[in-house]
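>>> Show me how the following folds:
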Amino acid sequence: MRIISLNVNGVKAAAERGLFDWLRTQDADVICLQDIRVTAPELEQDPYWIDGYWQYCFEAEVANQGGVAIYTRIAPKAIIMGLGFESADRYGRFMQADFDKVSIGSLLLPSGRDGDADLNQKFKFMDDFAGYLNKQRRKRREFIYCGSLYVAHLKLDVKNWRDCQNEPGFMAPERAWMDEIYGNMGYVDAVREVTRESELYSWWPNSEQAENLNLGLRFDYQFLTPGLRRFVKQAKIPRNARFSQHAPVVVDYDWTLSI
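Numbers count the residues shown, from 1 in each chain. A predicted model of the protein is given here:
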């Protein structure tokens with residue numbers, strides 16, 4: 001099973017840069033997109049439709065303020081939209097596809113990089129979502145969350161970590177939140193399960209210097225319940241496949257989807 005996750009920063013712009021042509025060549029079983037910024041009816045039109053896939057979308061109340069989508073080769077048993085709290089559902093920040101024994105979610109956090117109000121909204125979402133994740137661990141099924149979290153967890157995940165410690169995305173409370181998810185809750189970072197490679201980033205500031213010097217951070221993840229740890233085969237973040245400020249996260253699992 002191959003899962004591709006990508007924050008597109010608006011699917012219209014990403015499509016113009018060749019996203020869907022690229023996706024059609026990737027042989028993915030599931031594709032999770034974040035920050036689509038379109039309505040569900042818009043996403044059903046060319047060039048966003050991919051033959052051979054079922055397509056689902058949870059749009060934001062104001063379409064250009066978020067939204068997530070899932071494409072899957074196998075029709076899921078169920079689709080769940082939203083998390084039940086306002087900071088998530090108003091902006092279309094989460095949806096989940098349920099299959100036999102495993103659920104796959106597409107998740108978008110506030111970036112926290114657009115002023116104090118945005119940062120406060122991010123912290124509120126993080127608190128609410130941590131409670132949700134804790135409850136999910138009690139369920140008798142596996143979960144894969146494809147998330148654009150706008151948080152770099154480790155020093156390894158930031159180019160200039162000393163300069164970033166007081167910036168949203170690498171602040172101490174954000175990193176502590178990630179510690180809780182991977183520590184006490186027991187979730188697994190799929191990329192770090194198979195590689196300790198440095199300079200493996202998924203987001204770069206919008207500047208030529210940042211691109212040229214690879215001044216990036218790893219903001220995007222596939223994280224999973226511990227029962228899936230042994231099924232992670234390969235993970236990569238291909239920097240040359242760029243359709244937004246983010247790079248895709250591509251993970252191969254020794255798992256066959258079924259319903």
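
>>> what does the lengthiest helix in the chain contact?
Using DSSP state H to define each element, the chain has its longest helix at helix 116-136. Residues outside helix 116-136 that contact it (Cβ atoms under 8 Å, 6 or more residues apart in numbering) are 83, 85, 87-88, 93, 109-113, 143, 150, 168, 173-174, 177, 180-181, 185, 187, 225. Placement of C-beta: from N, CA and C, glycine included.

>>> Now, the residues you listed that are in helices?
87-88, 173-174, 177, 180-181.

>>> Can you add pLDDT and give those back as JSON lines?
Formatted as JSON lines, the ones in helices among the contacts of helix 116-136 follow (pLDDT from 0 to 100):
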{"residue": "S87", "pLDDT": "85"}
{"residue": "A88", "pLDDT": "93"}
{"residue": "P173", "pLDDT": "96"}
{"residue": "E174", "pLDDT": "97"}
{"residue": "W177", "pLDDT": "97"}
{"residue": "E180", "pLDDT": "97"}
{"residue": "I181", "pLDDT": "97"}
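
>>> which of these count as buried?
Burial by neighbour count, 16 or more other Cβ atoms under 10 Å: within the ones in helices among the contacts of helix 116-136 this picks out 87-88, 174, 177, 181.

>>> helix or strand for the most centrally placed residue in the chain, which one?
The residue lying closest to the centre of the chain (Cα atoms, centre = their mean) is G147, at 2.2 Å. Secondary structure from DSSP states H and E places G147 in strand 142-148.

>>> who does that strand touch, helix- and strand-wise?
Strand 142-148 sits against strand 2-7, strand 30-34, strand 102-108, strand 220-224, with contacts defined as 3 or more Cβ pairs under 8 Å, 6 or more residues apart in numbering; DSSP states H and E.

>>> any idea of the angle the longest one forms with strand 30-34?
Relative orientation of strand 102-108 with respect to strand 30-34: 20 degrees, computed using axes from the mean of the first three to the mean of the last three Cα atoms, to 10 degrees.

>>> who's in contact with strand 102-108?
3, 5, 7, 30, 32-35, 66-70, 72, 80, 91-97, 141-149, 228, 255, 257.

>>> ok, of those, which come out buried?
3, 5, 7, 30, 32-35, 66-70, 72, 91-97, 142-149, 228, 255, 257.

>>> Pull the number of nearby residues for the residue nearest to the residue nearest to the centre of the chain when sequence neighbours are not counted.
In this structure, G147 finds its nearest non-sequential neighbour in L107, 3.7 Å apart by Cβ to Cβ, 6 or more residues apart in numbering. The local packing of L107 (other Cβ atoms under 10 Å) involves 22 other residues.

>>> Report the distance from the least confident helix or strand in the chain by mean pLDDT to the chain centre.
When each helix and strand of the chain is scored by mean pLDDT, DSSP states H and E, helix 208-213 comes last, with a mean of 83. Centroid separation for helix 208-213 versus its chain: 23 Å, with Cα atoms, centre = their mean, to the nearest Å.

>>> surely G147 meets L224?
No: under the criterion of Cβ atoms under 8 Å, G147 is not in contact with L224, lying 10.9 Å apart.

>>> any residues in contact with both of the two?
Joint contacts of G147 and L224 (Cβ under 8 Å, 6+ apart) do not exist.

>>> List the beta-bridge partners for W54.
As for beta bridges, W54 partners with T72 under DSSP bridges.

>>> Please report the distance of it from I70.
8 Å (Cβ to Cβ, to the nearest Å).

>>> Next, the closest residue to L43 other than its chain neighbours: phi, psi?
Distances taken as Cβ to Cβ, 6+ apart place C57 nearest to L43, at 4.9 Å, with adjacent residues excluded. Here is the backbone geometry of C57 (degrees, to the nearest 10): phi -150, psi 140.

>>> just Y201 next, same as before
Taking degrees, to the nearest 10, you get phi -110, psi 160 for the backbone angles of Y201.

>>> Quickly note the distance from it to K159.
7 Å.

>>> next one: Y71
From Y71 over to K159 (counting by Cβ to Cβ), the distance is 31 Å.

>>> Neighbour count for the two, which is higher?
Y71 (24 against 18).

>>> Kind regards, and thank you for your time.
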